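**Student:** Structure of the sequence below:
(one chain, ligands or ions: 2)
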Amino acid sequence: MSAAPPLTLPSKLPQVGTTIFTVMSKLAGECGAVNLAQGFPDFSAPQRLFDLVAQHIAAGRNQYAPMAGAAPLREAIAEKVGALYAANYEVETEITVTAGATQAIHTAISACVRPGDEVIVFAPVYDAYVPGIDLNGGRAVVAHLRFPDYRPDWDEVRTLITPRTRMIIINSPHNPSGAVWSADDLDRLAALTRNTDIVVVSDEVYEHIVFADSGQRHHSVAAHPQLRERSFVVSSFGKTYHVTGWKIAYCLAPAQLTAEFRKAHQFVVFAVNHPMQLALADFMRERPEFALGLAAFYQGKRDFFRAALAASRFELLPCAGTYFQLARYAAISAEPDTEFVQRLTREHGVAAIPVSVFYPCLEDRRVIRFCFAKSEETLAAAAERLVSV
Ligand code: PMP
Ligand code: GLN
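**Tutor:** Ligands and ions are numbered 1, 2, ... in the order given. Take a look at the predicted model:
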């Protein structure tokens, strides 16, 4: 019998391959390289958090959580954003727990974007945004955050807004550049969207990682009275509590937007891992200082890594926030960044992320990204290899 003919299935994402994070982590594993590519800590979360999960599992909290999220966790989130940003979000109607920030962002896009809608994104753009827009028939419109300071250009953004603009996706502190938006940036965004129906998705997963010596602080869209009314604000417990593998995050939005969000959310995941939600709620209450200490904790790692690379030929760009350090290698090689990271991994034993993958159609500036959410031993081992490049 002859084999069945292949299915006719034109790809909905013809340009998309496997994400760079998966590709580089796999290569790092194959080469035995130090993995400073994919962003995740290589150190443990507090033991107390694990004990709390075990307690909730033993206590039988192992069935579906409520669709919007476990009530104690939504209450803890409301308290946190109230204390930190003087922002008031209703537990019942304005806070939803999601399976990671990735799901929250994707769900916000699919709840709002229709075929033909335009969505403004800022490049370098986190790799999950544009495929989400494409899958929903929208069109990504790219505003540029230009090397070397990666500031938004509001005059450019003004020219990109059209009657078809449905959504603007922003991300501060910014992955991969580490740039942090100012209060003025949010005011400019508010002015440009005033009297429109544009919805904002604000990806704030690194909200707790803004370094004191940058002279900046995190300005949450949740704290901006005008933007709040048109925005989905997303944060991730993975980043804040060193548990990226738990994939638990949340989305704040006014009731009208949350209602639409939940219509999609309930059919994508329905609900999120129950005992872990309860453990996070307990931990937030017990250790409110943990999140507040995150910036100082990561500043120590940033400074350790930067000092260890001082003797290298990499040019280190400023880093105001996140756990990523950008480095320019123009003094070392003229290779495109995608080739340079491959060679760096294979020949020098350190994996990094090529920043051009976050840039639809922009020039390669010979910049790569290192993740410094690592133990000092890991950072020292990587730096020892990098100074000899
Ligand atoms: N947005 C940004 C900017 C990120 O860097 C990440 C993860 N590194 C995410 C979203 C996704 O977060 P999560 O793992 O909670 O899905
Ligand atoms: N967001 C993480 C990073 O920027 C990776 C997340 C993932 O692998 N999807 O490295």
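**Student:** I'd like to know how many residues surround the residue lying closest to residue 115 once chain neighbours are set aside.
**Tutor:** Once flanking residues are discounted, residue 115 sits nearest to residue 137: 3.1 Å by Cβ to Cβ, 6 or more residues apart in numbering. In this view, the C-beta of every residue, glycine as well, is placed from N, C-alpha and C. By other Cβ atoms under 10 Å, 12 other residues sit near residue 137.
**Student:** and residue 137, which of the three is it?
**Tutor:** coil (DSSP: H, G, I helix; E, B strand; the rest coil).
**Student:** what sits against it?
**Tutor:** Residue 137 makes contacts with 113, 114, 115, 116, 117, as judged by Cβ atoms under 8 Å, 6 or more residues apart in numbering.
**Student:** Quick check: residues of the stretch 151-300 of the chain near ligand 1?
**Tutor:** 171, 175, 203, 205, 236, 238, 244, 247, 249 (Cβ under 6 Å from any ligand atom).
**Student:** Out of those residues, list just those in strands.
**Tutor:** Counted as lying in strands by DSSP state E, out of those, are 171, 203, 236, 249.
**Student:** neighbours of the first one, just the number please.
**Tutor:** Looking back up the chat, that one is residue 171. Count around residue 171 with other Cβ under 10 Å applied: 26.
**Student:** what's the distance between it and ligand 2?
**Tutor:** Using Cβ to the nearest ligand atom, to the nearest Å, we find residue 171 at a distance of 11 Å from ligand 2.
**Student:** residues in contact with that residue?
**Tutor:** 122, 126, 202, 203, 204.
**Student:** If we use 6 Å, what do you get?
**Tutor:** 126, 203 (Cβ atoms under 6 Å, 6 or more residues apart in numbering).
**Student:** Quickly list what it is bridged to.
**Tutor:** Per DSSP bridges, the residues bridged to residue 171 are residue 203.
**Student:** And for stretch 195-205, what's in contact with it?
**Tutor:** By Cβ under 6 Å, 6+ apart, stretch 195-205 touches 101, 105, 108, 112, 165, 167-171, 220-221, 230-236, 239.
**Student:** for it, how far is the first residue from the last?
**Tutor:** Start-to-end span of stretch 195-205 (Cα to Cα, to the nearest Å) is 28 Å.
**Student:** which among the residues of the stretch 151-300 of the chain next to ligand 1 end up buried?
**Tutor:** In terms of neighbour count (16 or more other Cβ atoms under 10 Å), the buried residues within these are 171, 175, 203, 205, 236, 238, 244, 247, 249.
**Student:** Can you give me the buried ones in stretch 16-29?
**Tutor:** Under the neighbour-count criterion of 16+ other Cβ under 10 Å, stretch 16-29 has 20, 21, 23, 24, 25, 27, 28 buried.
**Student:** cool, stretch 280-294 as well?
**Tutor:** For stretch 280-294, a neighbour-count test (16+ other Cβ under 10 Å) marks 280, 281, 282, 283, 284, 290, 291, 294 as buried.
**Student:** same thing with stretch 62-81?
**Tutor:** 65, 68-70, 72-78, 80-81.
**Student:** Next, the distance between the ends of stretch 41-54.
**Tutor:** Using Cα to Cα, the two ends of stretch 41-54 sit 22 Å apart.
**Student:** close to ligand 2, is that stretch?
**Tutor:** No: Stretch 41-54 stays clear of ligand 2 (Cβ under 6 Å from any ligand atom), getting no nearer than 11.2 Å.
**Student:** Report the distance from that stretch to the chain centre.
**Tutor:** 21 Å (Cα atoms, centre = their mean, to the nearest Å).
**Student:** Quick one: neighbours of residue 299, just the number.
**Tutor:** When neighbours are counted by other Cβ under 10 Å, residue 299 registers 18.
**Student:** Run through the neighbouring helices and strands of the host helix or strand of it.
**Tutor:** Residue 299 belongs to helix 294-308 when assigned by DSSP states H and E. Identification of packing neighbours for helix 294-308 by 3 or more Cβ pairs under 6 Å, 6 or more residues apart in numbering; DSSP states H and E yields helix 376-386.
**Student:** Please flag which of the contacts of stretch 195-205 sit within strands.
**Tutor:** Going by DSSP E, the strands hold 165, 167, 168, 169, 170, 171, 231, 232, 233, 234, 235, 236 from the contacts of stretch 195-205.
**Student:** JSON lines for these, including pLDDT?
**Tutor:** Below are the ones in strands among the contacts of stretch 195-205 laid out as JSON lines (pLDDT from 0 to 100):
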{"residue": "165", "pLDDT": "98"}
{"residue": "167", "pLDDT": "98"}
{"residue": "168", "pLDDT": "99"}
{"residue": "169", "pLDDT": "99"}
{"residue": "170", "pLDDT": "98"}
{"residue": "171", "pLDDT": "98"}
{"residue": "231", "pLDDT": "98"}
{"residue": "232", "pLDDT": "99"}
{"residue": "233", "pLDDT": "99"}
{"residue": "234", "pLDDT": "98"}
{"residue": "235", "pLDDT": "98"}
{"residue": "236", "pLDDT": "98"}
